[in-house]
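Q: here is a sequence with its predicted model. Questions after.
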Amino acid sequence: MRITFLGSGSAMPTGERFQTGILVQEDGRTLLVDCGSGVLHRLQQSGVGYENVSTVLLTHHHLDHIADLLPLMKARWLAGEEHLEIVGPQGTKSLIDDLLSVHEYMQGKLELQVREVVPGEFSVAGFDVSAYETRHSLPCLAYRFGDLFTFSGDSEAFAGLANFADGSAILAHDCSFPDDVDVSNHPTPETLGRELAGREIGRVYLTHLYPHTDGRHDEMLESIERHYDGDVRLAEDLKTVSVE
Ligand SMILES: [Zn+2]
Ligand SMILES: [Zn+2]
């Protein structure tokens with residue numbers, strides 16, 4: 001499986017990190033998880049291209065995870081692609097209907113399949129996925145792809161989510177802010193380190209990084225290391241990780 005960070009940023013721009021998007025590829029299957037602002041460009045830069053993404057899986061409906069959905073639809077339509085499947089938590093159908101009602105000219109341009117999923121097991125784009133509800137300011141699902149990859153979506157760090165990720169070869173986890181930012185709905189390195197303590201995870205990538213984290217990566221890693229002794233790194237846009 002190849003995991004590519006298309007956007008490792010958040011709702012506030014850093015100039016380097018676009019908003020959330022992760023490409024998951026295995027045996028010719030391709031799935032885009034989240035589609036924030038900038039992801040359409042990153043898809044093109046990655047060499048995969050928007051033509052080759054026919055399924056998008058959403059963690060939740062915050063703008064930094066869905067902003068490029070309509071631009072993706074329009075680019076696919078212009079390129080002569082006819083389908084797009086969009087899978088996400090409850091409310092995804094009305095979200096897409098509402099987006100299309102604002103941009104009426106996009107109605108009927110693509111054959112859209114929209115599917116809502118709940119915590120538990122399901123299949124999408126040929127991948128078997130488990131979903132787990134996170135702790136965030138909107139309903140949000142974390143997704144796990146067998147033993148290979150787990151993505152936290154947006155979430156506070158908590159034991160249930162750490163249990164859900166335990167045993168993954170790769171975990172991409174929200175780590176929005178350094179420790180001195182008072183935050184809810186997202187982790188800090190300290191809270192993430194505490195919850196990951198004792199878990200068996202091959203490698204953790206910190207993502208969803210706000211500008212507040214610029215220049216403070218070493219300090220964030222040290223904070224996590226005080227509680228968790230595994231391999232932890234910072235995600236970067238267009239970084240690809242291969243796991244088997
Ligand atoms: Zn969010
Ligand atoms: Zn977010």
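A: In hand now; what should we look at? Numbers count the residues shown, from 1 in each chain. Ligands and ions are numbered 1, 2, ... in the order given.
Q: what's the burial count for the closest residue to Ser176 other than its chain neighbours?
A: Nearest residue to Ser176 in three dimensions, chain neighbours excluded: His186, at 3.8 Å (Cβ to Cβ, 6 or more residues apart in numbering). Quick note: C-beta positions are derived from backbone N, CA and C, even for glycine. The local packing of His186 (other Cβ atoms under 10 Å) involves 23 other residues.
Q: and stretch 171-184, what's its mean pLDDT?
A: On average, the pLDDT along stretch 171-184 is 96.
Q: in stretch 22-36, what's buried?
A: By 16 or more other Cβ atoms under 10 Å, the buried positions in stretch 22-36 come out as 22-26, 30-36.
Q: output those residues in a markdown table, with secondary structure appended to each entry.
A: Listed next are the buried residues of stretch 22-36 as a markdown table, based on DSSP: H, G, I helix; E, B strand; the rest coil:
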| residue | secondary structure |
| --- | --- |
| Ile22 | strand |
| Leu23 | strand |
| Val24 | strand |
| Gln25 | strand |
| Glu26 | strand |
| Thr30 | strand |
| Leu31 | strand |
| Leu32 | strand |
| Val33 | strand |
| Asp34 | coil |
| Cys35 | coil |
| Gly36 | coil |
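Q: helix, strand or coil for the residue sitting furthest away from the middle of the chain?
A: For the chain, the C-alpha farthest from the mean C-alpha position belongs to Tyr105; by Cα atoms, centre = their mean, that distance is 28.5 Å. With three-state DSSP as the basis, Tyr105 sits in helix.
Q: bridged to Phe149, which residues?
A: Here Phe149 sits in beta bridges with Phe145, Ile170, as judged by DSSP bridges.
Q: cool, and Thr55?
A: The partner residues for Thr55, given DSSP bridges, come to Glu85.
Q: what do you get for Leu112?
A: Leu84.
Q: quick one: the helices in the protein?
A: Along the chain, the stretches classed as helices by DSSP state H are 39-45, 63-66, 69-78, 92-102, 159-165, 189-196, 217-225.
Q: what's the fourth one packed up against?
A: The helices and strands touching helix 92-102, judged by 3 or more Cβ pairs under 8 Å, 6 or more residues apart in numbering; DSSP states H and E, are helix 69-78, strand 83-88, strand 111-116.
Q: what mean pLDDT does that helix get?
A: So the average pLDDT for helix 92-102 ends up being 98.
Q: now that helix against strand 83-88, angle please.
A: 130 degrees (axes from the mean of the first three to the mean of the last three Cα atoms, to 10 degrees).
Q: and the contacts of helix 92-102?
A: 58, 61, 66, 69-70, 86, 88, 106-107, 112, 114-116 (Cβ atoms under 8 Å, 6 or more residues apart in numbering).
Q: from these, which is closest to ligand 1?
A: His61 (8.3 Å; Cβ to the ion).
Q: count of residues packed around the closest one?
A: Going by other Cβ under 10 Å, the residues that sit close to His61 add up to 17.
Q: quick one: it and Gly91 touch, right?
A: Yes: between His61 and Gly91 a contact is recorded at 6.4 Å, counting by Cβ atoms under 8 Å.
Q: thinking Pro139 is in contact with Gly88, fair?
A: No: at 9.9 Å, Pro139 and Gly88 do not qualify as touching, with contact defined as Cβ under 8 Å.
Q: the two - which one has more neighbours?
A: Gly88 (26 against 15).
Q: can you name the residues that contact that one?
A: Gly88 makes contact with 57-61, 95, 115-117, 141, according to Cβ under 8 Å, 6+ apart.
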